[in-house]
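Enquirer: Fold the stuff below for me.
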Amino acid sequence: MRKYFYFVVLSAFLLSSCAELLQVVQTIDTDRPLTQSEVVTGLKEALKVGTDSAAARLSKQNGYYADRAVKILLPPEAAMIVDNVHRLPGGEKLLEDLILRINRSAEDAAREAGPIFYNAITQMTIQDGFTILRGNQDAATSYLKNSTYQQLFNLYQPKLKTSLDKKLIAGVSANQSWETLTSQWNRLASSLAGQIGGLNTVEVELDTYLTDKALDGLFLKLAEEERKIRTDPVARVTDILRRVFGNQNR
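Expert: Residues are numbered from 1 along each chain as shown. The predicted structure is shown next:
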């Protein structure tokens, strides 16, 4: 019985010692310098987490429309329409409906943003990784935007164009609404009264403009997510994020 008691005490001591040793090893491991692989893996993970969060926020109903930071309005070329829309019968309602449809189209397209970003993220090199890690709070977002914007645009635009053709509200698509508004406006601007009043016609490719604005909004939200990961430990939802960005805070 006494031998059994000593065995239990010894086992408990050894287990306790092993636990303490493991804690020491883990602490040392956390303090060791980051490897090149960890840096790149951590930054890719940060971008994946950030793009997932940004796309999820914007793809919800009113993700664009109710957020003043990313809400998409008519192109600058259409400012004259906005200023004079009251001249058209029912013009103000037509204008507001169009803006709603535009933002609904962007919200619809944002659901497809994740895979597009993932393809770009895989191209990050080790040199890119260390430059980004030591950069500003939006360095990863800037890298992604500067190095892949045209590629993302080319991939994103067809999806957005398809979205613009969807009959999202009252059986009318954003493209149809835009064409209706601009055609009515251009007839007015081309008339004698419009020429006397100094009105100009509006010729803008809506899908091109909207793609730019939608991606700008997406990158804006991505930058916000990146700043959270860099500055807020709670936002580091995986071990590699805690390892890479926690190391930077010391």
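Enquirer: going forward, measure contacts and count neighbours with C-alpha atoms only.
Expert: OK.
Enquirer: What segments of this protein are helices?
Expert: Remark: helices assigned in the chain by DSSP state H are 2-31, 36-59, 79-84, 91-110, 113-121, 126-133, 139-165, 174-190, 192-196, 206-231, 239-248.
Enquirer: Let me know which of those is the nearest to residue 69.
Expert: If you check each of those against residue 69 by Cα to Cα, helix 206-231 wins as the nearest, at 7.6 Å.
Enquirer: and the angle for that closest one with helix 239-248?
Expert: For helix 206-231 and helix 239-248, the angle between their directions (axes from the mean of the first three to the mean of the last three Cα atoms, to 10 degrees) works out to 70 degrees.
Enquirer: what mean pLDDT does helix 206-231 have?
Expert: On average, the pLDDT along helix 206-231 is 90.
Enquirer: list the buried ones in it?
Expert: For helix 206-231, the neighbour count (16 or more other Cα atoms under 10 Å) marks 206-207, 210-211, 213-215, 217-230 as buried.
Enquirer: Next, name the residue at the spatial heart of the chain.
Expert: Centroid-nearest residue in the chain, with Cα atoms, centre = their mean: residue 218, separated by 3.0 Å.
Enquirer: Would you confirm that that one contacts residue 54?
Expert: Yes - under the criterion of Cα atoms under 8 Å, residue 218 lies in contact with residue 54, with a separation of 6.4 Å.
Enquirer: how close does the residue nearest to the centre of the chain get to residue 211?
Expert: From residue 218 across to residue 211, the span is 10 Å (Cα to Cα, to the nearest Å).
Enquirer: cool, and residue 64?
Expert: When distances are taken as Cα to Cα, residue 64 and residue 211 turn out to be 13 Å apart.
Enquirer: Then residue 148?
Expert: According to Cα to Cα, residue 148 and residue 211 sit 14 Å apart.
Enquirer: Nearest to residue 71, out of the helices of the chain?
Expert: That would be, of these and by Cα to Cα, helix 91-110, which comes in at 6.9 Å.
Enquirer: what's in contact with the closest one?
Expert: Outside helix 91-110, the residues that touch it by Cα atoms under 8 Å, 6 or more residues apart in numbering are 55-56, 58-65, 71-74, 82, 85-86, 156, 159-160, 163-164, 168-169, 173-174, 177-178, 181, 210, 214.
Enquirer: that older thread, could you identify which of the helices of the chain has the lowest mean pLDDT?
Expert: Set side by side, those show their lowest mean pLDDT on helix 2-31, which sits at a mean of 40.
Enquirer: picking up where we left off before, mind giving me the PyMOL select for the contacts of helix 91-110, buried ones only?
Expert: The PyMOL command for the buried members of these (criterion: 16+ other Cα under 10 Å) is given here:
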select buried, resi 55+56+58+59+62+63+64+65+71+72+73+74+85+156+159+160+163+164+168+173+174+177+178+181+210+214
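Enquirer: The residue nearest to the centre of the chain: what's it in contact with?
Expert: 54-55, 58.
Enquirer: Kindly report the same for residue 174.
Expert: Contact analysis of residue 174 by Cα under 8 Å, 6+ apart lists 98, 101-102, 105, 164-168.
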